[in-house]
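Asker: Using only what follows, build the 3D model:
(one chain, ligands or ions: 1)
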Amino acid sequence: MTEWTNDMAIQRWGTMPRTLLEQMAHDGDFAKRHLINPVLLHMLGDVAGRRVLDAGCGNGYLSRMLAGRGARTVGVEPGQSLFDFAVEQETVAPQGIRYIQADLCALPDLGAPFDAVVASMVLPAIPDWTGAMQACVHALKPGGLFVFTVNHPCFEQLWTAWRDHGEYRTHRYLAEYEIPGPSGANFHRTLSTYLNQLTSLGCHLTEIAEPGLAPDVASDGPDGIDAYVHLPNFLIVAARRAT
Ligand SMILES: C[S@@+](CC[C@H](N)C(=O)[O-])C[C@H]1O[C@@H](n2cnc3c(N)ncnc32)[C@H](O)[C@@H]1O
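Answerer: Residues are numbered from 1 along each chain as shown. Predicted coordinates for the structure are as follows:
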């Protein structure tokens with residue numbers, strides 16, 4: 001595997017083209033709309049008046065959804081084009097979101113501890129993901145809620161496998177490997193790697209979700225998306241920082 005550094009990964013993510021950022025500006029992409037957002041919002045609960053950190057906020061769509069529900073939101077994003085887009089949206093339609101351009105592993109002072117931290121599809125994008133997870137947990141109040149999403153480690157690259165073979169296939173799970181993508185690189189790690197790191201940080205797991213797509217929604221989606229009816233493409237984890 002290439003020896004990736006956080007800076008190399010950030011550089012790559014930060015070139016995401018504006019057309020793509022605009023397409024996903026409202027509520028993300030198809031999978032986020034139908035599988036991730038409803039679970040995240042449910043796990044985060046009533047965020048009105050709560051201080052929430054959107055760690056690795058990308059184009060800021062989730063920050064805007066949370067601010068729209070009354071959260072006092074801070075978005076951290078290091079990638080240049082993503083950060084610029086998020087800031088621009090806040091300038092055009094201010095919601096009181098504070099954006100900070102930073103690597104989660106080298107955070108400036110973010111002020112008071114957060115009630116909740118959400119890191120959606122971010123940990124797999126970071127070479128030094130343990131440092132990033134630690135930063136997310138340390139940003140919380142004691143007892144605060146940490147929610148993160150990853151591509152389900154057991155069904156990595158599900159959609160393409162299903163499209164090519166009509167079923168899920170893989171030949172590797174235990175090794176860490178790179179998954180190149182059009183907008184940035186992601187890195188496969190095992191399920192136990194993520195969960196054991198979480199518990200080693202003193203967090204208590206409260207809920208895990210492996211959402212499936214409703215068949216009627218799949219019939220309106222892109223080719224091969226029925227894979228998501230049968231197997232979970234995402235793993236969504238909620239945990240509380242020790243009190
Ligand atoms: C797949 S995108 C997800 C973005 C957003 N959370 C969403 O759900 O749309 C991965 C994000 O992680 C960000 N990222 C990569 N390395 C990072 C780091 N070291 N610290 C914080 N964010 C990072 C990328 O710039 C990118 O915005």
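
Asker: buried residues in the longest helix along the chain?
Answerer: Assignment by DSSP state H gives helix 80-92 as the longest helix of the chain. By neighbour count on 16 or more other C-beta atoms under 10 Å, the buried set for helix 80-92 is S81, L82, F83, D84, F85, A86, V87, Q89, E90. Using the backbone N, CA and C atoms, a C-beta is placed for each residue, glycine as well.

Asker: Ok, stretch 34-42 next?
Answerer: Buried residues in stretch 34-42 (16+ other C-beta under 10 Å): H34, L35, I36, N37, V39, L40, L41.

Asker: And the residue of this protein that's closest to the ligand?
Answerer: Going by C-beta to the nearest ligand atom, the ligand is nearest to G58 of the chain, at 2.7 Å.

Asker: quick one: that residue is in a strand?
Answerer: No - G58 sits outside any strand when classified using DSSP: H, G, I helix; E, B strand; the rest coil, being coil.

Asker: Can you give me every residue that contacts it?
Answerer: M24, E77, G79, L82, A86 (C-beta atoms under 8 Å, 6 or more residues apart in numbering).

Asker: Just name the closest of those to I100, please.
Answerer: E77 (7.8 Å; C-beta to C-beta).

Asker: Make sure that closest one is actually in contact with G56.
Answerer: Yes - contact criterion C-beta atoms under 8 Å: E77 and G56 qualify, at 6.4 Å.

Asker: These two: which is more packed in?
Answerer: Each of E77 and G56 has its neighbours counted (other C-beta atoms under 10 Å); E77 has more, 30 against 27.

Asker: So for that one, what pLDDT did the model give?
Answerer: You'll see E77 listed with a pLDDT of 98.

Asker: How far does the host helix or strand of L20 sit from its chain's centre?
Answerer: Using DSSP states H and E, L20 sits in helix 18-23. With C-alpha atoms, centre = their mean, to the nearest Å as the basis, helix 18-23 stands 18 Å off its chain's centre.

Asker: before we move on, what about stretch 146-165?
Answerer: That offset, for stretch 146-165, works out to 13 Å (C-alpha atoms, centre = their mean).

Asker: can you check stretch 56-73 too?
Answerer: The answer for stretch 56-73 is 12 Å, by C-alpha atoms, centre = their mean.

Asker: what's the answer for stretch 223-239, then?
Answerer: Worked out by C-alpha atoms, centre = their mean, stretch 223-239 lies 14 Å from the chain centre.

Asker: buried residues in that stretch?
Answerer: 224-228, 231-239.

Asker: In helices only, show me the residues you listed.
Answerer: Per DSSP H, the buried residues of stretch 223-239 map to helices at A227, Y228.

Asker: Could you export the buried residues of stretch 223-239 to TSV, including columns for pLDDT and distance to the ligand?
Answerer: TSV is the format used below for those (pLDDT from 0 to 100; distance: C-beta to the nearest ligand atom, whole Å):
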residue	pLDDT	distance to the ligand
G224	85	20
I225	91	18
D226	93	23
A227	96	19
Y228	97	17
L231	98	20
P232	98	17
N233	98	13
F234	98	11
L235	98	14
I236	98	12
V237	98	15
A238	98	16
A239	98	18
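
Asker: Let me know the closest of the buried residues of stretch 223-239 to L110.
Answerer: A239 (19.5 Å).
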